[in-house]
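A.B. asks: I need the structure of the sequence given here:
(chains A and B)
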There are 2 protein chains.
Amino acid sequence: MAKKIITISREFGSGGRFIGEEVAKKLGMAYYDKNVITEIAEKSGLSPEYIQENAELSPKKGLFAYALAGRDITGKSVEDIVYEAQRKVILELVEKEPCVIIGRNADFILKDRDDVLNVFIHGNMPEKMQRISCLYNVSGQEAVKMMADTDKRRLANYNFYTEQKWGKASNYTLCLNSSELGYDRCEAIIMECVK
Amino acid sequence: MAKKIITISREFGSGGRFIGEEVAKKLGMAYYDKNVITEIAEKSGLSPEYIQENAELSPKKGLFAYALAGRDITGKSVEDIVYEAQRKVILELVEKEPCVIIGRNADFILKDRDDVLNVFIHGNMPEKMQRISCLYNVSGQEAVKMMADTDKRRLANYNFYTEQKWGKASNYTLCLNSSELGYDRCEAIIMECVK
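C.D. replies: Next comes the predicted model:
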(Lines give C-alpha, C1' and ligand atoms only; values in the text may rest on other atoms or scores of the structure.)
Protein backbone atom coordinates (compact mmCIF):
# COMPACT_ATOMS: atom_id res chain seq x y z
CA MET A 1 0.00 0.00 0.00
CA ALA A 2 1.22 3.50 -0.79
CA LYS A 3 2.57 5.38 2.20
CA LYS A 4 1.08 8.79 2.86
CA ILE A 5 2.39 9.32 6.37
CA ILE A 6 6.09 9.38 7.30
CA THR A 7 7.19 9.14 10.91
CA ILE A 8 10.78 10.01 11.75
CA SER A 9 12.45 8.86 14.95
CA ARG A 10 16.04 9.95 15.37
CA GLU A 11 19.13 10.18 17.49
CA PHE A 12 19.90 13.71 18.69
CA GLY A 13 22.32 15.37 16.26
CA SER A 14 21.68 12.93 13.40
CA GLY A 15 19.84 15.53 11.33
CA GLY A 16 16.63 13.48 11.37
CA ARG A 17 14.41 16.51 11.93
CA PHE A 18 16.11 18.45 9.14
CA ILE A 19 15.81 15.48 6.76
CA GLY A 20 12.13 15.08 7.64
CA GLU A 21 11.46 18.77 7.04
CA GLU A 22 13.20 18.67 3.65
CA VAL A 23 11.25 15.56 2.60
CA ALA A 24 7.98 17.24 3.63
CA LYS A 25 8.84 20.34 1.56
CA LYS A 26 9.89 18.33 -1.49
CA LEU A 27 6.82 16.09 -1.40
CA GLY A 28 4.44 18.91 -0.48
CA MET A 29 3.41 17.15 2.73
CA ALA A 30 2.46 18.79 6.03
CA TYR A 31 5.19 18.77 8.66
CA TYR A 32 4.68 18.30 12.40
CA ASP A 33 7.41 18.27 15.01
CA LYS A 34 7.34 18.42 18.80
CA ASN A 35 6.69 22.16 18.91
CA VAL A 36 3.70 22.02 16.57
CA ILE A 37 2.18 18.97 18.24
CA THR A 38 2.66 20.43 21.72
CA GLU A 39 1.10 23.71 20.63
CA ILE A 40 -1.94 21.96 19.18
CA ALA A 41 -2.21 19.72 22.24
CA GLU A 42 -2.08 22.73 24.54
CA LYS A 43 -4.79 24.46 22.58
CA SER A 44 -7.06 21.44 22.64
CA GLY A 45 -6.15 18.30 24.53
CA LEU A 46 -4.32 20.04 27.31
CA SER A 47 -7.07 22.53 27.94
CA PRO A 48 -7.95 23.06 31.60
CA GLU A 49 -11.14 21.06 31.00
CA TYR A 50 -9.17 18.12 29.63
CA ILE A 51 -6.78 18.10 32.55
CA GLN A 52 -9.54 18.37 35.07
CA GLU A 53 -11.46 15.58 33.43
CA ASN A 54 -8.43 13.31 33.27
CA ALA A 55 -6.63 14.12 36.42
CA GLU A 56 -9.15 15.26 38.97
CA LEU A 57 -6.95 18.27 39.50
CA SER A 58 -8.01 21.86 39.77
CA PRO A 59 -6.92 23.51 36.51
CA LYS A 60 -6.23 26.67 38.47
CA LYS A 61 -3.17 25.03 39.98
CA GLY A 62 -1.64 24.55 36.55
CA LEU A 63 0.60 21.80 35.21
CA PHE A 64 3.62 22.66 37.34
CA ALA A 65 1.76 22.20 40.60
CA TYR A 66 0.35 19.03 39.17
CA ALA A 67 3.80 17.69 38.31
CA LEU A 68 4.97 18.33 41.88
CA ALA A 69 1.95 16.50 43.21
CA GLY A 70 3.01 13.36 41.37
CA ARG A 71 0.42 10.79 40.35
CA ASP A 72 -3.13 11.49 41.36
CA ILE A 73 -5.84 9.07 42.37
CA THR A 74 -6.43 8.03 38.76
CA GLY A 75 -2.80 6.85 38.59
CA LYS A 76 -1.98 9.26 35.78
CA SER A 77 1.17 11.35 35.89
CA VAL A 78 1.54 14.69 34.15
CA GLU A 79 3.64 12.88 31.52
CA ASP A 80 0.77 10.48 30.91
CA ILE A 81 -1.65 13.34 30.35
CA VAL A 82 0.69 15.15 27.98
CA TYR A 83 1.39 11.90 26.13
CA GLU A 84 -2.29 11.09 25.79
CA ALA A 85 -3.07 14.59 24.53
CA GLN A 86 -0.27 14.42 21.95
CA ARG A 87 -1.39 10.94 20.91
CA LYS A 88 -4.90 12.28 20.23
CA VAL A 89 -3.46 15.18 18.24
CA ILE A 90 -1.39 12.81 16.09
CA LEU A 91 -4.35 10.49 15.44
CA GLU A 92 -6.40 13.51 14.30
CA LEU A 93 -3.65 15.10 12.19
CA VAL A 94 -3.05 12.01 10.06
CA GLU A 95 -6.72 11.90 9.10
CA LYS A 96 -6.46 15.34 7.50
CA GLU A 97 -3.66 15.12 4.93
CA PRO A 98 -0.37 13.38 4.05
CA CYS A 99 2.25 14.42 6.56
CA VAL A 100 5.68 13.94 8.11
CA ILE A 101 5.73 13.58 11.90
CA ILE A 102 8.96 13.92 13.87
CA GLY A 103 9.30 11.97 17.12
CA ARG A 104 6.48 11.70 19.67
CA ASN A 105 6.46 7.87 19.33
CA ALA A 106 4.30 8.36 16.24
CA ASP A 107 5.51 5.06 14.73
CA PHE A 108 3.91 3.21 17.64
CA ILE A 109 0.83 5.42 17.91
CA LEU A 110 0.06 4.73 14.22
CA LYS A 111 1.02 1.05 14.24
CA ASP A 112 -2.44 -0.15 13.19
CA ARG A 113 -2.31 1.76 9.89
CA ASP A 114 -0.63 0.31 6.81
CA ASP A 115 -0.03 3.61 5.01
CA VAL A 116 2.80 4.71 7.33
CA LEU A 117 6.51 4.66 6.56
CA ASN A 118 8.43 4.50 9.83
CA VAL A 119 11.98 5.82 9.58
CA PHE A 120 14.79 5.87 12.16
CA ILE A 121 17.76 8.17 11.54
CA HIS A 122 21.00 7.71 13.43
CA GLY A 123 24.61 8.76 12.94
CA ASN A 124 28.23 8.51 13.98
CA MET A 125 29.55 10.31 17.04
CA PRO A 126 31.98 12.76 15.31
CA GLU A 127 29.37 14.03 12.82
CA LYS A 128 26.64 14.30 15.45
CA MET A 129 28.99 16.12 17.83
CA GLN A 130 29.99 18.61 15.17
CA ARG A 131 26.37 19.28 14.19
CA ILE A 132 25.28 19.91 17.78
CA SER A 133 28.32 22.09 18.50
CA CYS A 134 27.47 24.31 15.53
CA LEU A 135 23.69 24.37 16.01
CA TYR A 136 23.77 25.15 19.73
CA ASN A 137 27.15 26.90 19.86
CA VAL A 138 28.53 24.56 22.53
CA SER A 139 31.83 22.73 23.05
CA GLY A 140 32.35 19.15 21.89
CA GLN A 141 32.15 17.96 25.47
CA GLU A 142 28.87 19.76 26.06
CA ALA A 143 27.53 18.37 22.79
CA VAL A 144 28.31 14.81 23.90
CA LYS A 145 26.49 15.42 27.19
CA MET A 146 23.46 16.90 25.39
CA MET A 147 23.35 13.86 23.10
CA ALA A 148 23.54 11.39 25.97
CA ASP A 149 20.86 13.21 27.99
CA THR A 150 18.44 13.70 25.11
CA ASP A 151 18.71 10.19 23.69
CA LYS A 152 18.41 8.70 27.19
CA ARG A 153 15.15 10.59 27.68
CA ARG A 154 13.85 9.59 24.22
CA LEU A 155 14.70 5.96 24.87
CA ALA A 156 13.08 5.94 28.32
CA ASN A 157 9.92 7.63 27.05
CA TYR A 158 9.65 5.33 24.00
CA ASN A 159 10.32 2.13 25.90
CA PHE A 160 7.83 3.11 28.63
CA TYR A 161 4.92 4.02 26.38
CA THR A 162 5.41 1.51 23.57
CA GLU A 163 6.92 -1.51 25.35
CA GLN A 164 9.24 -1.74 22.34
CA LYS A 165 12.94 -0.91 22.24
CA TRP A 166 13.89 2.50 20.85
CA GLY A 167 16.35 2.14 17.96
CA LYS A 168 15.63 -1.55 17.31
CA ALA A 169 15.61 -2.01 13.54
CA SER A 170 12.49 -4.17 13.46
CA ASN A 171 10.29 -1.31 14.77
CA TYR A 172 10.92 0.73 11.64
CA THR A 173 10.46 0.22 7.90
CA LEU A 174 13.73 1.97 7.19
CA CYS A 175 16.78 2.90 9.30
CA LEU A 176 19.49 5.14 7.91
CA ASN A 177 22.92 6.24 9.13
CA SER A 178 22.95 9.87 8.01
CA SER A 179 26.70 10.31 8.67
CA GLU A 180 27.59 7.54 6.22
CA LEU A 181 24.86 8.06 3.66
CA GLY A 182 24.64 11.86 3.73
CA TYR A 183 21.47 13.90 4.22
CA ASP A 184 20.66 14.16 0.49
CA ARG A 185 20.77 10.40 -0.01
CA CYS A 186 18.68 9.82 3.12
CA GLU A 187 16.05 12.17 1.69
CA ALA A 188 16.19 10.42 -1.70
CA ILE A 189 15.75 6.97 -0.14
CA ILE A 190 12.80 8.07 1.99
CA MET A 191 11.14 9.66 -1.07
CA GLU A 192 11.78 6.46 -3.06
CA CYS A 193 9.94 4.51 -0.36
CA VAL A 194 6.73 6.55 -0.48
CA LYS A 195 6.42 6.42 -4.26
CA MET B 1 34.05 6.98 0.66
CA ALA B 2 32.65 4.63 -1.98
CA LYS B 3 31.50 1.29 -0.63
CA LYS B 4 32.95 -1.80 -2.28
CA ILE B 5 31.92 -4.37 0.30
CA ILE B 6 28.34 -5.08 1.32
CA THR B 7 27.55 -7.11 4.44
CA ILE B 8 24.03 -8.40 4.90
CA SER B 9 22.69 -9.47 8.27
CA ARG B 10 19.11 -10.71 8.28
CA GLU B 11 16.20 -12.25 10.09
CA PHE B 12 15.45 -15.81 8.98
CA GLY B 13 12.78 -15.73 6.27
CA SER B 14 13.25 -12.05 5.42
CA GLY B 15 14.80 -12.83 2.03
CA GLY B 16 18.06 -11.14 3.02
CA ARG B 17 20.23 -13.80 1.44
CA PHE B 18 18.22 -13.70 -1.78
CA ILE B 19 18.40 -9.90 -1.90
CA GLY B 20 22.17 -10.00 -1.31
CA GLU B 21 22.67 -12.57 -4.07
CA GLU B 22 20.64 -10.49 -6.53
CA VAL B 23 22.58 -7.32 -5.67
CA ALA B 24 25.88 -9.18 -6.16
CA LYS B 25 24.74 -10.43 -9.59
CA LYS B 26 23.49 -7.01 -10.70
CA LEU B 27 26.63 -5.20 -9.57
CA GLY B 28 29.00 -7.95 -10.73
CA MET B 29 30.36 -8.44 -7.23
CA ALA B 30 31.55 -11.69 -5.68
CA TYR B 31 29.05 -13.35 -3.34
CA TYR B 32 29.91 -15.21 -0.15
CA ASP B 33 27.43 -16.86 2.17
CA LYS B 34 27.82 -19.27 5.09
CA ASN B 35 28.39 -22.29 2.85
CA VAL B 36 31.15 -20.68 0.82
CA ILE B 37 32.90 -19.21 3.85
CA THR B 38 32.69 -22.49 5.78
CA GLU B 39 34.05 -24.40 2.78
CA ILE B 40 37.01 -22.04 2.43
CA ALA B 41 37.62 -22.10 6.18
CA GLU B 42 37.59 -25.89 6.20
CA LYS B 43 40.09 -25.98 3.37
CA SER B 44 42.43 -23.56 5.06
CA GLY B 45 41.79 -22.19 8.51
CA LEU B 46 40.12 -25.30 9.81
CA SER B 47 42.83 -27.64 8.55
CA PRO B 48 43.98 -30.28 11.07
CA GLU B 49 47.17 -28.28 11.54
CA TYR B 50 45.22 -25.13 12.37
CA ILE B 51 43.06 -26.92 14.90
CA GLN B 52 46.04 -28.61 16.51
CA GLU B 53 47.90 -25.34 16.74
CA ASN B 54 44.94 -23.49 18.23
CA ALA B 55 43.38 -26.09 20.41
CA GLU B 56 46.07 -28.51 21.51
CA LEU B 57 43.78 -31.28 20.35
CA SER B 58 44.71 -34.27 18.26
CA PRO B 59 43.30 -33.62 14.80
CA LYS B 60 42.65 -37.35 14.47
CA LYS B 61 39.78 -37.01 16.92
CA GLY B 62 38.03 -34.58 14.63
CA LEU B 63 35.81 -31.64 15.45
CA PHE B 64 32.93 -33.68 16.87
CA ALA B 65 35.06 -35.26 19.58
CA TYR B 66 36.50 -31.84 20.22
CA ALA B 67 33.06 -30.34 20.65
CA LEU B 68 32.16 -33.00 23.20
CA ALA B 69 35.35 -32.31 25.08
CA GLY B 70 34.27 -28.70 25.64
CA ARG B 71 36.82 -25.98 26.16
CA ASP B 72 40.47 -27.01 26.24
CA ILE B 73 43.33 -25.63 28.28
CA THR B 74 43.62 -22.60 26.01
CA GLY B 75 40.03 -21.68 26.90
CA LYS B 76 38.91 -21.92 23.28
CA SER B 77 35.69 -23.75 22.37
CA VAL B 78 35.07 -25.37 19.01
CA GLU B 79 32.82 -22.41 18.19
CA ASP B 80 35.69 -20.04 18.92
CA ILE B 81 37.97 -21.90 16.52
CA VAL B 82 35.37 -21.99 13.76
CA TYR B 83 34.61 -18.31 14.33
CA GLU B 84 38.28 -17.35 14.21
CA ALA B 85 38.82 -19.37 11.02
CA GLN B 86 35.80 -17.76 9.34
CA ARG B 87 36.93 -14.32 10.50
CA LYS B 88 40.32 -14.87 8.84
CA VAL B 89 38.64 -16.02 5.65
CA ILE B 90 36.45 -12.90 5.57
CA LEU B 91 39.41 -10.58 6.17
CA GLU B 92 41.26 -12.23 3.28
CA LEU B 93 38.29 -12.31 0.89
CA VAL B 94 37.60 -8.57 1.13
CA GLU B 95 41.17 -7.81 0.10
CA LYS B 96 40.66 -9.58 -3.22
CA GLU B 97 37.67 -7.94 -4.89
CA PRO B 98 34.37 -6.11 -4.24
CA CYS B 99 31.93 -8.54 -2.64
CA VAL B 100 28.66 -9.20 -0.82
CA ILE B 101 28.96 -11.20 2.41
CA ILE B 102 25.91 -12.75 4.06
CA GLY B 103 25.91 -13.19 7.84
CA ARG B 104 28.95 -14.41 9.78
CA ASN B 105 29.07 -11.15 11.80
CA ALA B 106 30.94 -9.62 8.86
CA ASP B 107 29.71 -6.11 9.77
CA PHE B 108 31.60 -6.33 13.04
CA ILE B 109 34.62 -8.16 11.66
CA LEU B 110 35.08 -5.39 9.08
CA LYS B 111 34.24 -2.48 11.42
CA ASP B 112 37.63 -0.80 10.99
CA ARG B 113 37.17 -0.33 7.23
CA ASP B 114 35.26 2.63 5.82
CA ASP B 115 34.39 1.06 2.45
CA VAL B 116 31.75 -1.28 3.87
CA LEU B 117 27.98 -0.88 3.62
CA ASN B 118 26.36 -2.78 6.49
CA VAL B 119 22.76 -3.80 5.81
CA PHE B 120 20.20 -5.47 8.08
CA ILE B 121 17.12 -7.02 6.46
CA HIS B 122 14.06 -7.90 8.52
CA GLY B 123 10.41 -8.55 7.82
CA ASN B 124 6.89 -9.07 9.12
CA MET B 125 5.79 -12.39 10.58
CA PRO B 126 3.15 -13.38 7.95
CA GLU B 127 5.48 -12.80 4.98
CA LYS B 128 8.44 -14.53 6.65
CA MET B 129 6.25 -17.49 7.65
CA GLN B 130 4.94 -17.89 4.13
CA ARG B 131 8.43 -17.72 2.63
CA ILE B 132 9.82 -20.35 5.00
CA SER B 133 6.80 -22.62 4.53
CA CYS B 134 7.31 -22.57 0.75
CA LEU B 135 11.12 -22.79 0.75
CA TYR B 136 11.34 -25.67 3.25
CA ASN B 137 7.93 -27.25 2.60
CA VAL B 138 6.87 -27.03 6.24
CA SER B 139 3.68 -25.98 8.06
CA GLY B 140 3.17 -22.46 9.35
CA GLN B 141 3.72 -23.67 12.89
CA GLU B 142 7.00 -25.35 11.96
CA ALA B 143 8.08 -22.22 10.10
CA VAL B 144 7.50 -20.09 13.19
CA LYS B 145 9.59 -22.51 15.27
CA MET B 146 12.40 -22.50 12.68
CA MET B 147 12.41 -18.71 12.68
CA ALA B 148 12.55 -18.46 16.48
CA ASP B 149 15.34 -21.07 16.72
CA THR B 150 17.48 -19.64 13.94
CA ASP B 151 17.18 -15.99 14.95
CA LYS B 152 17.84 -16.90 18.59
CA ARG B 153 21.08 -18.61 17.55
CA ARG B 154 22.10 -15.69 15.30
CA LEU B 155 21.42 -13.21 18.08
CA ALA B 156 23.34 -15.24 20.68
CA ASN B 157 26.33 -15.71 18.38
CA TYR B 158 26.39 -12.05 17.32
CA ASN B 159 25.99 -10.65 20.82
CA PHE B 160 28.67 -13.01 22.18
CA TYR B 161 31.36 -12.29 19.60
CA THR B 162 30.68 -8.62 18.91
CA GLU B 163 29.42 -7.32 22.28
CA GLN B 164 26.86 -5.40 20.24
CA LYS B 165 23.14 -6.11 19.98
CA TRP B 166 21.98 -8.01 16.92
CA GLY B 167 19.28 -6.06 15.05
CA LYS B 168 20.05 -2.70 16.71
CA ALA B 169 19.74 -0.05 14.00
CA SER B 170 22.90 1.82 14.96
CA ASN B 171 25.12 -1.19 14.07
CA TYR B 172 24.15 -0.94 10.41
CA THR B 173 24.30 1.73 7.72
CA LEU B 174 20.91 0.67 6.39
CA CYS B 175 18.05 -1.44 7.79
CA LEU B 176 15.16 -2.47 5.57
CA ASN B 177 11.81 -4.17 6.18
CA SER B 178 11.58 -6.40 3.10
CA SER B 179 7.89 -7.26 3.69
CA GLU B 180 6.87 -3.61 3.50
CA LEU B 181 9.35 -2.39 0.91
CA GLY B 182 9.45 -5.46 -1.33
CA TYR B 183 12.60 -7.29 -2.47
CA ASP B 184 13.05 -5.21 -5.65
CA ARG B 185 13.01 -1.93 -3.78
CA CYS B 186 15.39 -3.28 -1.13
CA GLU B 187 17.82 -4.20 -3.90
CA ALA B 188 17.44 -0.78 -5.54
CA ILE B 189 18.11 1.05 -2.25
CA ILE B 190 21.21 -1.03 -1.50
CA MET B 191 22.55 -0.40 -5.01
CA GLU B 192 21.83 3.33 -4.62
CA CYS B 193 23.96 3.30 -1.46
CA VAL B 194 27.08 1.86 -3.07
CA LYS B 195 27.07 4.25 -6.02
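A.B. asks: OK, contacts around the residue nearest the centre of chain A?
C.D. replies: Taking Cα atoms, centre = their mean as the criterion, A:Gly103 is the residue nearest the geometric centre of chain A, at 1.2 Å. A:Gly103 makes contact with A:8-10, A:17, A:33-34, A:154 under the criterion Cβ atoms under 8 Å, 6 or more residues apart in numbering or on different chains. Where you see a C-beta, it was placed from the backbone N, CA and C, and this is true even at glycine.
A.B. asks: quick check on A:Asn118: phi, psi?
C.D. replies: phi -100, psi 120 (degrees, to the nearest 10).
A.B. asks: next one, pLDDT for it please.
C.D. replies: Looking at A:Asn118, its pLDDT reads 97.
A.B. asks: just checking, it touches A:Tyr172?
C.D. replies: Yes - assessed by Cβ atoms under 8 Å, A:Asn118 is found in contact with A:Tyr172 at 4.4 Å.
A.B. asks: which residues do those two both contact?
C.D. replies: Residues touching both A:Asn118 and A:Tyr172 by Cβ under 8 Å, 6+ apart: A:9, A:107.
A.B. asks: what about chain A, any weak spots by pLDDT?
C.D. replies: A:44-75 (pLDDT under 70).
A.B. asks: now do 80
C.D. replies: Across chain A, the ranges flagged by pLDDT under 80 are A:1, A:38-79.
A.B. asks: stretch A:170-186: which residues count as buried?
C.D. replies: Residues of stretch A:170-186 classed as buried: A:170-181, A:183, A:185-186 (neighbour count, 16 or more other Cβ atoms under 10 Å in any protein chain shown).
A.B. asks: next step: those restricted to strands.
C.D. replies: Among the buried residues of stretch A:170-186, the ones falling in strands (DSSP state E) are A:174-177.
A.B. asks: distance to B:His122 added to the residues you listed, as JSON lines?
C.D. replies: As requested, these are exported to JSON lines (distance: Cβ to Cβ, whole Å):
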{"residue": "A:Leu174", "distance to B:His122": "11"}
{"residue": "A:Cys175", "distance to B:His122": "10"}
{"residue": "A:Leu176", "distance to B:His122": "15"}
{"residue": "A:Asn177", "distance to B:His122": "16"}
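A.B. asks: the longest helix belonging to chain A - contacts with which helices or strands?
C.D. replies: Counting residues, the longest helix in chain A under DSSP state H turns out to be helix A:140-162. Judged by 3 or more Cβ pairs under 8 Å, 6 or more residues apart in numbering or on different chains; DSSP states H and E, the packing partners of helix A:140-162 are helix A:78-96, helix A:106-109, helix A:125-136.
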